[in-house]
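Chemist: Build me a model:
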Amino acid sequence: MASQVRAIKQEQTFTQERIELAAAFRWAARMDLHEAVANHFSLAVNEEGTQFLMNPNQMHFSRIRASDLLLMDVNDTTMMDTPHAPDPTAWGLHGSIHRHCRHARCVMHAHPEYATVLASLADSQLPPIDQNSAIFYNRYVIDHDYGGLALSDEGERCAQLLSNPDHKTMIMGNHGVMVIGDTVADTFNRLFYFETAARNYIQALQTGRPLRILPDEVAEKTARQLDAYPSQGGRHLSEILAILDREEPEFRD
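Modeler: Modelled structure (predicted):
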């Protein structure tokens, strides 16, 4: 009975946050930003950032509804002993980040194709070769010390790498990518554009021709301009919601 009451309470709480996060899952599946049932997104819902919504264990992103999202608390591990427990690596990674990085309101971890190729190179830097890659100029960190599945110890180590609020993207060497942000809209937009930038870079490398790399001052100027670009992430998510409302309205359930 207690678990049923908890589930009902979760379904009735944080309605808009659930809808937006469910939309991000659905759109990530459409854009092929996910990998089977292995990736996870989370969203803090209290001021301290210690309570957060997360996808249930091994549910395909394309099927996730708002009511499917779990309400987790970094100070309460009892959820991990229930049938509703999230993937242990999701708890290890996202729980650690929400515990230590209060500025990381939304956390999206995925293994999209081109970001993962970039993370597999000995030099995983993303040079500013176009406007998309300039978004990330001096705004990412590279994890060089992959240590296996992101259980508690690995999650704690990764959280330390995101302690600088200016680093909102982590290229996870030998693994994938992690992006953080203030909202679902902000974070999903960053994930989308990072995969786009990584794709452009990898495809440019495949030509074997010299790269046209932006000067540092131009790359930084462009990054600052894009940081301040009015409401792009919000408009992106608004359009995603409109399309899903027409084509997959059950995502709001």
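
Chemist: show me the contacts for Thr89.
Modeler: Contact analysis of Thr89 by CB atoms under 8 Å, 6 or more residues apart in numbering lists His40, Leu149, Ala150, Leu151, Gly155. All C-beta atoms are positioned from the backbone trio N, CA, C, and that covers glycine.

Chemist: How many residues are close by the second one?
Modeler: Going back to what we said before, that points to Leu149. Using other CB atoms under 10 Å, Leu149 is surrounded by 13 other residues.

Chemist: which phi and psi does His109 have?
Modeler: With angles defined as degrees, to the nearest 10, His109 sits at phi -120, psi 130.

Chemist: helix, strand or coil for the nearest residue to it once chain neighbours are set aside?
Modeler: Nearest non-adjacent residue to His109, counting by CB to CB, 6 or more residues apart in numbering: Met178, 4.8 Å away. Here Met178 is recorded as strand under DSSP: H, G, I helix; E, B strand; the rest coil.

Chemist: Distance of Met178 relative to Asn75?
Modeler: According to CB to CB, to the nearest Å, Met178 stands 22 Å off from Asn75.

Chemist: And for Arg199?
Modeler: Distance from Arg199 to Asn75, by CB to CB: 39 Å.

Chemist: now swap in Cys158 and tell me
Modeler: Going from Cys158 to Asn75 by CB to CB gives 19 Å.

Chemist: Which residue of the two possesses the greater neighbour count?
Modeler: The neighbour comparison of Cys158 against Asn75 (other CB under 10 Å) goes to Cys158, with 27 against 10.

Chemist: tell me the contacts of that one?
Modeler: The contact partners of Cys158, by CB under 8 Å, 6+ apart, come to Leu93, Ser96, Ile97, Asp143, Ala150, Met170, Met172, Met178.

Chemist: Please, which helix or strand holds the second one?
Modeler: Read that as Ser96. helix 88-100 (DSSP states H and E).

Chemist: Check the offset of that helix from the chain's centre.
Modeler: Taking CA atoms, centre = their mean, to the nearest Å, the mean C-alpha location of helix 88-100 is offset from the chain mean by 13 Å.
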